[in-house]
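Visitor: sequence and predicted structure, then a few things I'm wondering about:
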Amino acid sequence: MFRDNVSPWMYVPALLASFGAVLPLVWLFLLSLDPSGGVASSGGGFTLHNYAAVLFESSMGRYLFNTAVVAAITVLCTLTCACLGAYATSRYRFRGRDVAMVGLLVASMTPVIAVLVPLYAYAAKLQMLNTYQVLIVVFAAWQLPGTLWLVRSYLDAIPVELEEAALVDGCTRVGAFMRVILPQLAPGLIAAGLIVFVYVWNEFIIAVSLASKQGMRLISVGLYFYVSDFGIEWGKIAAGAIISIIPPAVLFLFLQRQLIHGLGAGAVK
Amino acid sequence: MNGKRRAKPEMPAAERDLPRILWEAAQPYLLLVPAMAFVLAITVYPIIQLFYIAFHSTNYFQIGAFNGLANFAPLFSASGAKSFLASAIFVISSDVLTISIALFLALILEAPLRGRGILRTLIMVPWLVSLVVTALLWQALLDPNFGPIAHFAKSMFGWTVAPLGDETTAMAAMVMANVWRSYPFALVLILAALQSIPSELYEAARLDGASRWAELRYVALPMAGRTIAVVLILLTFEYFTLVTLPFVMTGGGPNEATYVLSLRIWREAFTNYHFGYSAATGVVVFLLNLALSAFYIRRFVLQDAPRVSR
């Protein structure tokens, strides 16, 4: 509607929205540098003490490590299973294919909160509470349907002829996938992997229910429990929050385009 | 020579190829096994369990005898009704605000503003922030003692405000934090839909003397309508089953004003140990969600995407 004309008034909402988006985070950042932790308002000076305290005197370092391990393995698991399934539904014609795809879509819409309580009971019975394994399995299962759909949409865009040429030249199906498809699929897989990584990094409710024991927490759970473990010290909580935002922010900066493309493809196409 | 070879007793082609044909036919199913195993074990099986638990008496995490609809009864008490109401208010007001803000900004960001790229990136920032950080951030921003919002209200108007301590404003604050975090997602998708409208349509409208308002009403909205509807549905899914934000930000309070259904599922199980009541609430949330997803899939996925049946 306004694509070919600009009126000065448009800058007002655009600027307001960008300030509204960024200012709370700037304030959080300033709070993390405030020696008094916000208690004495505008009480000059700044310090990195909050960051040092969070990283070295609490278990936050451990939680960052936990999150990185769980996120990395979840990404690998999800992408592997999604590639296999996406390849099957994109390159084979077989009975039940559409049912499988729609079934996965329905599964992906199941609310986490509805299955959390049975999952907890189940994990407790298998003595898997507070382990990396339970988090990885649940996260991977949770991300698989969406990722499979996404990878399949990328696969569908790669011409079958490429593969057929490789098969004629004597490649096996596996060989053709590895040598011909995978290089073409790589950008899509990076986008899909990123979405899964950021999901795990930011996930809270599954993590707090299945692995809330000290030492096994993920970063978001650690942040939540910081208040009860160390008291309400907003300066340190702010520092921890800022630290937790950095990895997804860095990934986003480098891979902004793929990520938006991936989310768009997954949601609307 | 040829004749000789043909004369050799040979297995019929079909029979010889049978193992190969079977292997080919089995391949897609085998490839789907890992994905299906995950989904069956982590989604389908727990859902079946959820239904089982919802209709049985429970004692902590022990499941007892069948007890009909007894677990559903407390949902229809005053406190249960409050959760339905809180969920409805939360979902509807978040939906309305998110879609209107996202649509409005998308229309503006389509204009060739100076510094549009930077503005767009800045507006996207909250998207990166996790729900836990969003909840903690807004808790701090709204803190009556040192939060800038309370500070501002005090110095400007002399008001003492504690938004999270009051029933009405706590819900408003939660909706605000929710919208703050989630409208960038809606904005990206709606902006993409607006940008894909061919310029010719606007030119034709203008030739016919359409006002800006008419352009919005008769070109932009109908053309982007499908995307807006999809975004609305996806947001509704997200908001309706959101636990983290009320969990961290308000804990359901004050006086259960923000005790949405999804939070009730968690708290009844893990805080109050009413396993059956929690499962019954879970069944209700699951069924409402299922109805919406059935509508969504039939209306927007199967109908418009021939890809599924390609």
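Guide: Nice, I can see it. Please read all numbers here as calculations on a predicted model, not as lab measurements. Numbers count the residues shown, from 1 in each chain, chains lettered A, B, ... in the order given.
Visitor: packing partners for the host helix or strand of residue B:172?
Guide: Residue B:172 is part of helix B:167-195 when elements are defined by DSSP states H and E. Judged by 3 or more C-beta pairs under 8 Å, 6 or more residues apart in numbering or on different chains; DSSP states H and E, helix B:167-195 is in contact with helix A:11-33, helix A:234-267, helix B:78-109, helix B:116-124, helix B:131-141, helix B:221-240, helix B:244-249. Where C-beta positions appear, they are placed from N, C-alpha and C, glycine not excepted.
Visitor: for the shortest one, name the packing helices and strands.
Guide: The elements that helix B:244-249 packs onto, with contact taken as 3+ C-beta pairs under 8 Å, 6+ apart, are helix A:205-210, helix B:131-141, helix B:167-195, helix B:261-270.
Visitor: please apply the same query to the third one.
Guide: Applying 3+ C-beta pairs under 8 Å, 6+ apart, one finds that helix B:78-109 contacts helix A:11-33, helix B:116-124, helix B:167-195, helix B:221-240, helix B:261-270.
Visitor: tell me the most buried of those helices?
Guide: helix B:261-270 (a mean of 25; mean count of other C-beta atoms under 10 Å in any protein chain shown).
Visitor: let's test this: mean pLDDT of that helix, rounded?
Guide: The average pLDDT for helix B:261-270 rounds to 92.
Visitor: list the helices and strands the following helix or strand past that helix packs on?
Guide: Using DSSP H and E, the helix or strand that follows helix B:261-270 in sequence is helix B:275-296. For helix B:275-296, the packing partners by 3+ C-beta pairs under 8 Å, 6+ apart come out as helix A:112-125, helix B:45-54, strand B:56-59, helix B:221-240, helix B:261-270.
Visitor: circling back to that earlier point, could I get the helices and strands packed on helix B:78-109 as CSV with distance to residue A:48?
Guide: Shown next, in CSV, are these (distance: least, C-beta to C-beta, whole Å):
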stretch, distance to residue A:48
helix A:11-33, 7
helix B:116-124, 26
helix B:167-195, 27
helix B:221-240, 36
helix B:261-270, 36
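Visitor: relative to chain A, how far out is the spatially closest residue to residue B:139 that is not a sequence neighbour?
Guide: Spatial nearest neighbour of residue B:139, chain neighbours left out: residue B:249 (5.7 Å); criterion: C-beta to C-beta, 6 or more residues apart in numbering or on different chains. Taking C-beta to the nearest C-beta, to the nearest Å as the measure, residue B:249 falls 11 Å from chain A.
Visitor: repeat that for residue B:119.
Guide: 5 Å.
Visitor: surely that residue meets residue B:113?
Guide: Yes: using C-beta atoms under 8 Å, residue B:119 is in contact with residue B:113, at 6.5 Å.
Visitor: identify the contacts common to the two.
Guide: residue A:14 (C-beta atoms under 8 Å, 6 or more residues apart in numbering or on different chains).
Visitor: quick one, what contacts the residue lying closest to residue A:113 once chain neighbours are set aside?
Guide: Closest residue to residue A:113 apart from its sequence neighbours, by C-beta to C-beta, 6+ apart: residue B:262 at 4.6 Å. Residue B:262 makes contacts with A:111, A:113, B:87, B:240-243, B:246, B:285, as judged by C-beta under 8 Å, 6+ apart.
Visitor: mind putting the residues you listed into JSON lines with distance to residue B:196?
Guide: Putting the contacts of residue B:262 into JSON lines (distance: C-beta to C-beta, whole Å) gives the following:
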{"residue": "A:111", "distance to residue B:196": "31"}
{"residue": "A:113", "distance to residue B:196": "35"}
{"residue": "B:87", "distance to residue B:196": "34"}
{"residue": "B:240", "distance to residue B:196": "29"}
{"residue": "B:241", "distance to residue B:196": "30"}
{"residue": "B:242", "distance to residue B:196": "30"}
{"residue": "B:243", "distance to residue B:196": "35"}
{"residue": "B:246", "distance to residue B:196": "36"}
{"residue": "B:285", "distance to residue B:196": "35"}
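Visitor: among the helices and strands packed on helix B:275-296, which is nearest residue A:195?
Guide: Each of the helices and strands packed on helix B:275-296 has some distance to residue A:195 by C-beta to C-beta; the shortest is helix B:221-240, at 14.2 Å.
Visitor: now that closest one against helix A:112-125, angle please.
Guide: For helix B:221-240 against helix A:112-125, the angle by axes from the mean of the first three to the mean of the last three C-alpha atoms, to 10 degrees is 30 degrees.
Visitor: next, the angle from helix B:221-240 to helix B:275-296.
Guide: Interaxial angle, helix B:221-240 versus helix B:275-296 (the same axes, to 10 degrees): 170 degrees.
Visitor: same question for helix B:221-240, mean pLDDT?
Guide: On average, helix B:221-240 scores 90.
Visitor: next: stretch B:98-114.
Guide: For stretch B:98-114, mean pLDDT rounds to 89.
Visitor: next, count neighbours for residue 47.
Guide: Reading this off chain A. 15 (other C-beta atoms under 10 Å in any protein chain shown).
Visitor: oops, wrong one, chain B.
Guide: Applying other C-beta under 10 Å, we find 18 residues neighbouring residue B:47.
Visitor: now swap in residue A:103 and tell me
Guide: By the criterion of other C-beta under 10 Å, residue A:103 has 16 neighbours.
Visitor: contacting residues for the closest residue to residue B:138 other than its chain neighbours?
Guide: In this structure, residue B:138 finds its nearest non-sequential neighbour in residue B:177, 4.0 Å apart by C-beta to C-beta, 6+ apart. Counting by C-beta under 8 Å, 6+ apart, residue B:177 touches B:134-135, B:137-138, B:245, B:249.
Visitor: next: residue A:205.
Guide: Residues near residue A:205 by C-beta under 8 Å, 6+ apart: A:112-113, A:116, B:243-244, B:247, B:266.
Visitor: just name the closest of those to residue B:25, please.
Guide: Looking across these and measuring by C-beta to C-beta, the closest to residue B:25 is residue A:112, at 35.8 Å.
Visitor: before we move on, back to that, if I look at the residue nearest to residue A:113, how far off is residue B:234?
Guide: Between residue B:262 and residue B:234 the computed distance is 16 Å (C-beta to C-beta, to the nearest Å).
Visitor: cool, residue B:84 as well?
Guide: Using C-beta to C-beta, residue B:84 is found at 22 Å from residue B:234.
Visitor: name the nearest residue to the residue most central in space within chain B, ignoring sequence neighbours.
Guide: Central residue of chain B (C-alpha atoms, centre = their mean): residue B:238, 2.1 Å from the mean position. Leaving aside its chain neighbours, residue B:238 sits nearest to residue B:182 (7.0 Å; criterion: C-beta to C-beta, 6+ apart).
Visitor: surely the one you found touches residue B:98?
Guide: Yes: using C-beta under 8 Å, residue B:182 makes contact with residue B:98 at a distance of 5.8 Å.
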